[in-house]
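Visitor: Next comes the sequence, and after it the predicted model I'd like to discuss.
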Amino acid sequence: MNVSLGKGVGPNRRLHGVLSLDDFEAQARRHLPKPLFGYIAGASETNASLSANRAAFEVYGFKPRVLTNVSARSTETTLFGEGYAAPFGIAPMGISALMAYRGDLVLAKAARDARIPMVMSGSSLIRLEEVADVAPKSWFQAYLPGENDRIDALVDRVAAAGFQTLVLTVDTATLANRENTIRAGFSTPLRPSLPLLWQGLSHPTWSIGTFARTLVKHGIPHFENSYATRGAPIVSSTVVRDFGKRDHLDWSHFARIRDRWAGKLVIKGIIHEEDAAIAVAHGVDGIIVSNHGGRQLDGTVSPPIALPAIVDRVAGRAVVMLDGGIRRGTDIIKALALGAAFVFVGRPFLYAAAVRGEAGVTRAIDILKDELYRNMALLGVTGIGQISKDLLVDNRRGNSVDKSLSG
């Protein structure tokens, strides 16, 4: 299972030197205007949660087994009855089509061909029906409006499009203080200005290949999936108003959706084990342990730290997954060992889409799959089901994870 080095001419030649997911971030920093890169890379306030998400994986070390025949290993796994090539997928990311031309479609096609799930964002600039058409097994993530009639209409639209898995993001009661993106020059709504114009002119590849191409072929981007109908244009002052009334949401709204939605229902943004237990009581099928990539409440505990308590509390009654901070195959292994059944990766795939389109996303997927495949051998396991806590050590205490969690 070797990753193609992308030799050849044109864009593939540029992929030759991409050896890790972090390499895509460096390329995206050069390719994208500063406000757009800042939007992807930034988080809220001091970036404490963003930094903690990466650091959390360093808490754990491996105890590999040796002299084990690992020649017949496989990264294949099953989730909600669907077979996948690896235990990771593409997390939902808003306004992807502003970073890469038709970004949501780029991500969906690459995921489809690689046999991993892609979760389409409710803050996308492309109609959800288009993604469902090209990649029918994609998932859809929704930010719920605060009114029942609008909730019902959105859920019905997602079902009519053919999505089988609905993800509800629940950690956005209000907009976070993302001062870092404002300092970078990005705002919602997007406000045309001379500095923004200069950023576009100084990044001609993006300006021509993504922005101008979008304007010519599709017009001003709109938030296409906030409701049952088209939302506001990205430059409209009504964008912020459309985020309103999310602070009204409670578990009764979740119960309403559970009654209405016949497919798999996943809740994203759970950190507290008590909320996980409530979600299970309301009939959730899956839980994504997440702090929104550090983009909501700054200082929220990182998902790998919160994960074990949630897994214990859920006790197999729902599928527990994780997102946030994953950059390496070893990160995936650690998350699985701590009890996650599956993980989702966000920013690196959007960087890859921005700089190299579908070929870039495919390359990023292959890199992560190859790292996972290689490191499973070095750990001494042949299948995803063999990855467990007894292969980890808590580096802070020098003892096994089981003892660390109980002590």
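Guide: Done, it's in.
Visitor: Show me where the stretch 301-407 of the chain has its strands.
Guide: Ranges of strands in the stretch 301-407 of the chain, per DSSP state E, counting those that start in this stretch, are 319-323, 342-345, 392-394, 399-400.
Visitor: in its sheet, what does the shortest one sit against?
Guide: Strand 399-400 pairs in its sheet with strand 392-394 (antiparallel), by DSSP bridges.
Visitor: what's the strand it pairs with in contact with?
Guide: Residues from elsewhere that reach strand 392-394, judged by Cβ atoms under 8 Å, 6 or more residues apart in numbering: 59-63, 334, 337-338, 399-401, 403-404. Every residue, glycine included, has its C-beta placed from N, CA and C.
Visitor: ditto for stretch 188-207
Guide: 31-36, 185, 211, 232-237, 239-240, 354.
Visitor: That stretch: which residues count as buried?
Guide: Thr188, Leu190, Leu196, Gln199, Gly200, His203, Trp206, Ser207 (16 or more other Cβ atoms under 10 Å).
Visitor: Distance from that stretch to the middle of the chain?
Guide: 26 Å (Cα atoms, centre = their mean, to the nearest Å).
Visitor: Kindly check the end-to-end length of it for me.
Guide: Chord length of stretch 188-207, first to last residue, is 19 Å (Cα to Cα, to the nearest Å).
Visitor: Show me what whichever strand or helix holds Ala160 packs onto, helices and strands only.
Guide: Per DSSP states H and E: Ala160 is located in helix 148-161. For helix 148-161, the packing partners by 3 or more Cβ pairs under 8 Å, 6 or more residues apart in numbering; DSSP states H and E come out as helix 128-134, strand 139-142, helix 251-260.
Visitor: out of these, nearest to Asn375?
Guide: With Cβ to Cβ as the criterion, Asn375 lies closest to strand 139-142 of those, at 26.5 Å.
Visitor: which residues sit against that closest one?
Guide: 89, 92, 117-122, 128, 131-132, 154-155, 158, 161, 163-169, 225, 266, 268.
Visitor: Which of the residues you listed are buried, as a ChimeraX select command?
Guide: In ChimeraX syntax, the buried subset of these is picked out as below (16+ other Cβ under 10 Å):
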select :89,92,117,118,119,120,121,122,128,131,132,154,155,158,161,163,164,165,166,167,168,169,225,266,268
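Visitor: Restricted to helices, list the contacts of strand 139-142.
Guide: Assigned to helices by DSSP state H, the following of these qualify: Leu128, Val131, Ala132, Leu154, Val155, Val158, Ala161.
Visitor: where does the chain have low pLDDT?
Guide: 1-14, 239-244, 402-407 (pLDDT under 70).
Visitor: Of all residues in it, which one is nearest the centre?
Guide: Ala91 (1.9 Å; Cα atoms, centre = their mean).
Visitor: Surely that one touches Gly346?
Guide: Yes - between Ala91 and Gly346 there is a contact under Cβ atoms under 8 Å: 3.8 Å.
Visitor: Hmm, Leu249 is touching Tyr143, no?
Guide: No - counting by Cβ under 8 Å, Leu249 stays clear of Tyr143, with 9.9 Å between them.
Visitor: Give me the buried positions along stretch 245-264.
Guide: Those would be Arg246, Leu249, His253, Phe254, Ile257, Arg258, Trp261, Gly263, Lys264, for stretch 245-264 by 16+ other Cβ under 10 Å.
Visitor: In this protein, where's the longest helix?
Guide: Longest helix in the chain, counting by DSSP H: helix 347-379.
Visitor: Show me what it is packed up against.
Guide: Where contact means 3+ Cβ pairs under 8 Å, 6+ apart, helix 347-379 is packed against helix 11-15, helix 21-31, helix 34-41, strand 88-90, helix 96-99, helix 103-114, helix 329-337.
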